Structure formats: C-alpha cells, structure tokens
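In: okay, predicted coordinates and the sequence, questions at the end:
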Amino acid sequence: MSPKVSKEHMEKRRASILKAAKQVFIEKGYERTTMKHVMEAAQVSRGGLYQYFLNKEDLYEAILEEGLEKAVDDNEQLLEKKVDSYWPLLMKRMFGESMEPDDRMDPLAPSNLEFFITGRNDERRRQYGLNRYHLGLQVYEELIKAGQECGEFSQKYDSRIIAKSIVSFVDGLALDHAILPAEEIQLKEQSLLFVEYLKMALGIEEN
C-alpha cells in the first residue's frame, strides 16, 4: 500500500512544479517548452507531473491564474481599508512596489502572447482569455471607481473605459517587447507619458 501523502505536501509539490515551469517558459517560450523540459527542471517523474497537470496548456493556465488571483485578492484587501489616496494604489498595481515606470517588462509577457495568439482559434482558450481579460479589467476598474466615488478622481470618463485603456496599453507594450529590440520600445518613456494621460483623464493635480 502506498503511503498517504498529506494535502500540505501536495500543495508544496505543486507550487514547486509551477515555480520550475515558470522559469522554463521564461527561458524557452510557450511553444518550445515541453512537459519533458518541465519534468527535468522540477525534478519530478512523468507520473508526478501528470498527477497535477493534464498537459502543457493546463500547466500554463495554472501559472497565469496564480498571478491574477493574487492581484485580485490583493485588490480586495486594499479596497477593504480606508486609504488617503487611490492614486498610489493604482500606480502600485501598474508598476509594482516602486510605483514608478522603469524599463523592466514581465519576463513571462512573450510566452503569454504566444499562449493566446497560437490558441486564438481554439474555443476553450478564447473563452479562457476572455475571462482573464475581464478579471484584469476588474482589478483596475475597482480601484478607479473607488477613487471616483470618494472624489479623488474625476468622473468625466467611465471607470471601465479607463481600465480598458490601461490593459490595452500594457498588452501593447508586451507585444512590442516580444518582437522588438528594447531600445526601440522606450518602455519607461512610453509609460511616463501614459501616466500623464491617466492624470489628465482622472483629474489628478500635480503636487
């Protein structure tokens, strides 16, 4: 009889596989990565890997969900607290802890584009992409709406339209990052200009 494996052990093992797989996808991209690559990186057997994930698509969706679920959870916790300003929270959501644009892009961005573009004709992946898009919108829209409701942000523009413009901007940069040399993109400069656009749209006054 096989020894019983605890739920905690299984969760840690799954997390370990996801961590290793993420690095493989960053290095090789979505299309070139195989389950064998992940098995070797995570140091698990074929059975050990397929115990958690049915195929490469299932594995990659788990990586995507892990990041987005954390963003949604963090947002909910932030919105439960009384804050003096929602602008820093919006900047933190867009640019991380520094809250300022820089020249760094999410290293998974090229693989994300591969995943969705190569699967654009697959109904399951299209639906998954739509659901993910709506969750991403939700994260930004909730912050913007909270700022509008407390009077910090202008209500001249609909919160959902502004959220969509943020997602489109980020996705556009990710596409450029995947196919163009870094010096052509001018990531920081474009991001700084986009922040000025947001200040105008939301009525943020300079200090």
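Out: Perfect, I can see it now.
In: ok, and what's touching stretch 41-54?
Out: With contact meaning C-beta atoms under 8 Å, 6 or more residues apart in numbering, stretch 41-54 is reached by 13-14, 16-17, 20-21, 23-24, 35, 38-39, 59, 62. Every C-beta, even on glycine, is put in place using the N, C-alpha and C of the backbone.
In: and if you look at stretch 199-207?
Out: So stretch 199-207 is contacted by 87, 144, 147, 153-154, 156-157, 162, 165, 198 (C-beta under 8 Å, 6+ apart).
In: just the buried ones from these, in PyMOL syntax?
Out: Entered in PyMOL, the line below selects the buried ones among these, by 16 or more other C-beta atoms under 10 Å:
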select buried, resi 87+144+147+153+157+162+165+198
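In: out of the contacts of stretch 199-207, name the ones that lie in strands.
Out: When DSSP state E is applied, the contacts of stretch 199-207 are split such that none fall in strands.
In: nearest to residue 29, of the contacts of stretch 199-207?
Out: Taking C-beta to C-beta as the measure, residue 29 lies nearest residue 165 of the contacts of stretch 199-207, at 28.1 Å.
In: report the separation between the closest one and residue 122.
Out: 28 Å (C-beta to C-beta, to the nearest Å).
In: and for residue 139?
Out: 25 Å.
In: which parts of the protein are helices?
Out: Ranges of helices in the chain, per DSSP state H, are 7-28, 35-42, 46-50, 56-80, 87-95, 109-118, 123-149, 159-179, 182-185, 187-202.
In: next one: the fourth one to chain centre, how far?
Out: Here helix 56-80 is found 8 Å from its chain centre; the criterion is C-alpha atoms, centre = their mean, to the nearest Å.
In: the helices of the chain: which one's closest to residue 103?
Out: Here helix 187-202 is closest among the helices of the chain (C-beta to C-beta), at 4.9 Å.
In: state the mean pLDDT of that closest one.
Out: Average pLDDT, helix 187-202: 96.
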